[in-house]
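A.B. asks: Sequence and predicted model, in that order:
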Amino acid sequence: MSLAGKKVAILVDNVYQEMELWYPLYRLQEAGAEVITVGAAAGQTYTSKLGYPCTAQKSYDQVSADDFAGMIIPGGFAPDHMRRHAAAKKLVADVNAQGKLVAAICHAGWMLCSAHGMLTGRKATSFFAIKDDMVNAGAEWIDAEVVVDGNLVTSRKPEDLPAFMKACLDVLSR
């Protein structure tokens, strides 16, 4: 499957989970997609839970949903930092409103909870510790390695990455 010509955003902030950012980034590049890292400040380097760096190529204010075929939100505690930015929440909500891929793994469900009601009536999963947050935001929470509800792809933890990325690639290839 080729994703040549498609751009995909990966959101980044401090304390991200390494595998949940880098595995999707390299898998998308391998499939031919152009991957753009997006954070609060373009050019800022954010560090993972273990200190691994990732520099945001663009800021939330420099991009729009129209720029991308979809987005991936890695977990760790970065989503708690991301959702403090109105522009980040708007970007996620706008990508979702356009029916494009919105993929969240682990604690990334926090961004979905904060993105303007996008979980209401949708099936989703997450790391078990934020199940209550997801349910309170309107999701029908399912304990599964990957849950696909239209353009929304969610997974629980790093071990789910193969199924998560297979589902993401399937949605992007539609």
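C.D. replies: Received, thanks. Numbering: from 1, shown residues only.

A.B. asks: CA only for contacts and neighbour counts going forward, please
C.D. replies: Noted.

A.B. asks: List the contacts of the residue nearest to Ser2 when sequence neighbours are not counted.
C.D. replies: In this structure, Ser2 finds its nearest non-sequential neighbour in Ala31, 5.3 Å apart by Cα to Cα, 6 or more residues apart in numbering. Each residue near Ala31 by Cα atoms under 8 Å, 6 or more residues apart in numbering is listed here: 1-4.

A.B. asks: Geometric centre of the chain: which residue is closest?
C.D. replies: Centroid-nearest residue in the chain: Ile73, 1.8 Å away (criterion: Cα atoms, centre = their mean).

A.B. asks: While we're on that one, how confident is the model there?
C.D. replies: Confidence at Ile73, expressed as pLDDT, is 98.

A.B. asks: got a pLDDT number for the closest residue to it other than its chain neighbours?
C.D. replies: Once flanking residues are discounted, Ile73 sits nearest to Ala104: 4.8 Å by Cα to Cα, 6+ apart. Ala104 carries a pLDDT value of 98.

A.B. asks: Ala104 contacts Ile72, doesn't it?
C.D. replies: Yes: shown here, Ala104 and Ile72 form a contact pair, counting by Cα atoms under 8 Å, at 6.0 Å.

A.B. asks: ok, now which ones touch the residue nearest to Ile73?
C.D. replies: 72-75, 112, 126, 153-155.

A.B. asks: Check Trp110 too.
C.D. replies: Trp110 touches 79-80, 83, 130, 133-134, counting by Cα under 8 Å, 6+ apart.

A.B. asks: List the ones among these that fall in helices.
C.D. replies: 79-80, 133-134 (DSSP state H).

A.B. asks: Which SSE is immediately downstream of the strand or helix carrying Arg27?
C.D. replies: Element membership for Arg27 (DSSP states H and E) is helix 18-30. Using DSSP H and E, the helix or strand that follows helix 18-30 in sequence is strand 34-39.

A.B. asks: Who are the packing partners of that following strand?
C.D. replies: Applying 3 or more Cα pairs under 8 Å, 6 or more residues apart in numbering; DSSP states H and E, one finds that strand 34-39 contacts strand 7-11, helix 18-30, strand 58-59.

A.B. asks: Could you rerun that using 6 Å?
C.D. replies: strand 7-11, strand 58-59 (3 or more Cα pairs under 6 Å, 6 or more residues apart in numbering; DSSP states H and E).
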